[in-house]
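Peer 1: Sequence and computational prediction follow.
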Amino acid sequence: MDDRRRGHHPRKAPPPGLVLTPEFFARPSDEVGPDLVGKVLWRAGVGGGRLTEVEAYLPTGDPACHAAIGRTPRNASMFGPPGCVYVYRSYGVHILLNLVCDAEEVGSAVLVRSFEPLNDAEPLRQNRGIAGGGDPRAVSCGPGRVGQALGLRLDLDGLPLGEESGLFVIDDGARPEVGVATRVGISQGDDLLLRYYMRGSRFISRAPRTI
DNA sequence: TAAACGATTAGCT
DNA sequence: GCTAATCGTTTAT
């Protein structure tokens, strides 16, 4: 007998809720960012969890934004339609996930930095090479860990959220208190308050610096 | 064509 | 706290 016939959701199914559509993302990333905190990021067949930390990157006045230099082969998907993903390699090692915001051609996105695993975290752990146990924060705190846990690859770059990418963002009704802080790992625009995190959560990659 | 540089992490001190 | 690993993109020559 499978999970469905036992009367509850299969282990690999996302939590029930409203799947966010492109309209949600068709706003500036500094509006989308705080609204994403507390939503559920899910990869079909793998799993996911509740977003605890994201960063907005703005098309103007933000030198840290990849789109600031204009459209290039690498950042092209940032200029694509809202609700698509911008996936790129960082430091030659890590795969980082962004969700494209605002209107097409604008060049605005939100970087996913951390989430708190929901339901069965074991597939995420296996992708991370830490199956079995240990600090749950090691699973998906930090943008490189997020990409590895979800099993992301560069060929997802530019695909829309949904069946094509296997990536979904779900509103399950949670409304956490959202904190604001400076962004991480950048040398320019590091004074801008564009990092959004879930207050009280332990699943934050770097402690917010109080201004 | 060459060199520098990361929206980072893991491991060691 | 410090640094190696690692490679595609960007910039300089």
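Peer 2: Alright, I've got the coordinates.
Peer 1: and A:Lys39, what is it in contact with?
Peer 2: Applying CB atoms under 8 Å, 6 or more residues apart in numbering, we find A:Lys39 in contact with A:Leu20, A:Arg50, A:Leu51, A:Val169, A:Ile170, A:Asp171, A:Asp172, A:Ala174. For the C-beta atoms, the positions are set from N, CA and C on the backbone; glycine is no exception.
Peer 1: Next: A:Ala44.
Peer 2: Contact partners of A:Ala44, counting by CB under 8 Å, 6+ apart, are A:Lys12, A:Glu163, A:Gly166, A:Leu167, A:Phe168.
Peer 1: In terms of pLDDT, where does it sit?
Peer 2: At A:Ala44, the predicted lDDT confidence score is 96.
Peer 1: hmm, back to that, which pair of the contacts of A:Ala44 spans the longest distance?
Peer 2: Using CB to CB, the pair of the contacts of A:Ala44 lying farthest apart is A:Lys12 and A:Glu163, separated by 15.2 Å.
Peer 1: who's more crowded, the two?
Peer 2: A:Lys12 (15 against 10; other CB atoms under 10 Å).
Peer 1: Save the contacts of A:Lys39 as TSV, and put in distance to DNA strand C too.
Peer 2: Shown next, in TSV, are the contacts of A:Lys39 (distance: CB to the nearest atom of the strand, whole Å):
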residue	distance to DNA strand C
A:Leu20	28
A:Arg50	28
A:Leu51	25
A:Val169	25
A:Ile170	30
A:Asp171	33
A:Asp172	35
A:Ala174	33
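Peer 1: Restrict these to the buried ones and give me that as a PyMOL selection.
Peer 2: Of the contacts of A:Lys39, the buried ones go into a single PyMOL selection, burial set by 16 or more other CB atoms under 10 Å:
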select buried, chain A and resi 20+50+51+169+170+171
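Peer 1: Next step: the contacts of A:Lys39 restricted to strands.
Peer 2: Secondary structure from DSSP state E places A:Arg50, A:Leu51, A:Val169, A:Ile170, A:Asp171 of the contacts of A:Lys39 in strands.
Peer 1: Surely the first one is in contact with A:Trp42?
Peer 2: No: A:Arg50 is beyond contact range of A:Trp42, at 10.2 Å (criterion: CB atoms under 8 Å).
Peer 1: Quick check: residues of chain A near DNA strand C?
Peer 2: Taking CB under 7 Å from any atom of the strand as the test, the list of chain A residues beside DNA strand C reads A:His66, A:Ile69, A:Thr72, A:Pro73, A:Arg74, A:Asn75, A:Tyr88, A:Arg89, A:Tyr91, A:Gly92, A:Val93.
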